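> Turn this into a model:
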Amino acid sequence: MNAQTGLDFASIPERIQSEVQRAIQRSIKGVEYFSTSGPTLGSTPKDVLHSRGTMSLYHYRPMSDEIYRVPVLIVMATTNRGYILDLVPGQSFIEFLLRRGYDVYMLDWSAPRPEEKSLRMEDYVLDFIPDCVRRVQADSGEQDVSVIGYCFGGVLSLLYGSIHKDGPMKNLICFTTPIDFREMKLFSNFSDRRYFDVDRLVDSVGNVPPEMILSSFEMLRPASRTVSQIQLWENIWNDEFVKSYRMFDRWATDTLPLAGEYFRTITKDLMWDNKLFNDTMSVGGRAAKLEDIKVPILHAVAEHDHIVPYDAAKHLITKIGSEDKEEVMLKGGHVSLVAGANAVKRLWPKLDSWLGKRST
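From the prediction side, this is the model:
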């Protein structure tokens, strides 16, 4: 160490050699990056129990000798693919549930075809979800079903639970689920009724294209894609970093279009009139009030969620009619709450602890 400058001149050759080696590794790994497709996602063994139009119902094969009595139905967000919950072995929420003894089903979505542009909120809440619940009941032989809703899948689960208040939903778990859409600030401004003609959009394009939905997400953090690509280049020598980057980047850009009529209702009833929060929401003429949900509920929110900020989600537990209800705030963002290293350590054990005692 040089006392006057504070620099360790003796370490300079070693540092130069390290940087040269890293630059060589970047070049080699950069070629590998563009010549390979990345890890296979969503590979936990499963069977397609039913498929109809935009919906698919999966049943995952058990990984435990002892299974909880109450099966679990996961309802995915309609804009995203379900494999975010089943990335790779060791980082799969689905695999975690199976190894902990749960009987797991998933309602996943595919892109609605042009002729499905007329799908309405009623189709999702009064047809697709009840249909899947009935099929889970028949397949498992159990009347009770626990429901887990992720993001807007949580909104659909709330609407389903509030309308079907006499069952058969036994427990409800929501991940990062908004109910006060005024607090979805950028989306609220983007869809401002003074400037956004949703009727013209839907009547013109039919289904809302995924590029528009993806762009709206990226507008929340305009520099995030550029920053992530810089981080990728800096760390492309690191196999674990690249593997994680590819998994999450593929999922984030694998956005689904939305059926036109369904999007029209989301815009008018939720974004414009905030009906779920104001207790004036109805689906197919049937009132959907959160106070009518009486089953045990756990709501997991992320401390740094930039898509569903806490202000948009914080009133859910207060408005639910259940006596057995809990909100848990965990470190992480909208995606890292449910997937990745943080989820493995934080959310998954918490969910297992809460749900296990309510699944017998």
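> unless I'm mixing things up, residue 332 is touching residue 341, no?
No: using C-beta atoms under 8 Å, residue 332 makes no contact with residue 341, being 9.7 Å away. All C-beta spots, glycine's among them, are computed from the backbone N, C-alpha and C.
> Neighbour count for those two, which is higher?
Taking other C-beta atoms under 10 Å, residue 332 and residue 341 do not tie; residue 332 has more neighbours (24 against 11).
> Check whether that one sits in a helix, strand or coil.
Recorded secondary structure, residue 332: coil (DSSP: H, G, I helix; E, B strand; the rest coil).
> Contacts only, for it.
Residue 332 is in contact with 302, 303, 304, 342, 343, 346, 347, counting by C-beta atoms under 8 Å, 6 or more residues apart in numbering.
> residues near the second one, how many?
Summarising burial for residue 303: neighbours were counted as other C-beta under 10 Å, giving 11.
> Likewise for the first one?
A count of neighbours around residue 302, defined by other C-beta under 10 Å, yields 27.
> ok, it - contacts?
Counting by C-beta under 8 Å, 6+ apart, residue 302 has contacts 176, 308, 329, 330, 331, 332, 333, 334, 336, 337.
> Roughly how far does the fourth one sit from residue 176?
In other words, residue 330. 10 Å (C-beta to C-beta, to the nearest Å).
> Show me which of those two is the more surrounded one.
Between residue 330 and residue 176, counted using other C-beta under 10 Å, residue 176 has the larger neighbour count: 27 against 18.
> just to revisit the earlier point, out of the contacts of residue 332, who's nearest residue 119?
residue 302 (29.4 Å; C-beta to C-beta).
> Skipping adjacent residues, who's closest to the closest one in space?
residue 337 (4.0 Å; C-beta to C-beta, 6 or more residues apart in numbering).
> Helix, strand or coil: sort out that neighbour for me.
Residue 337 ends up coil, using three-state DSSP.
> I figured it hits residue 177, correct?
No: between residue 337 and residue 177 there is no contact under C-beta under 8 Å: 11.4 Å.
> Just send the contacts of residue 302 back as CSV, with pLDDT and distance to residue 203 too.
Shown next, in CSV, are these (pLDDT from 0 to 100; distance: C-beta to C-beta, whole Å):
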residue, pLDDT, distance to residue 203
176, 89, 32
308, 85, 29
329, 89, 41
330, 85, 42
331, 84, 43
332, 79, 39
333, 79, 36
334, 78, 31
336, 76, 38
337, 79, 37
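> Please identify which of these is nearest to residue 244.
The closest of the contacts of residue 302 to residue 244 turns out to be residue 336 (C-beta to C-beta; 10.5 Å).
> And for the closest residue to that closest one other than its chain neighbours, the neighbour number?
Counting by C-beta to C-beta, 6+ apart, residue 336 lies nearest to residue 342, which is 4.9 Å off, once chain neighbours are set aside. Neighbour count of residue 342, defined by other C-beta under 10 Å: 18.
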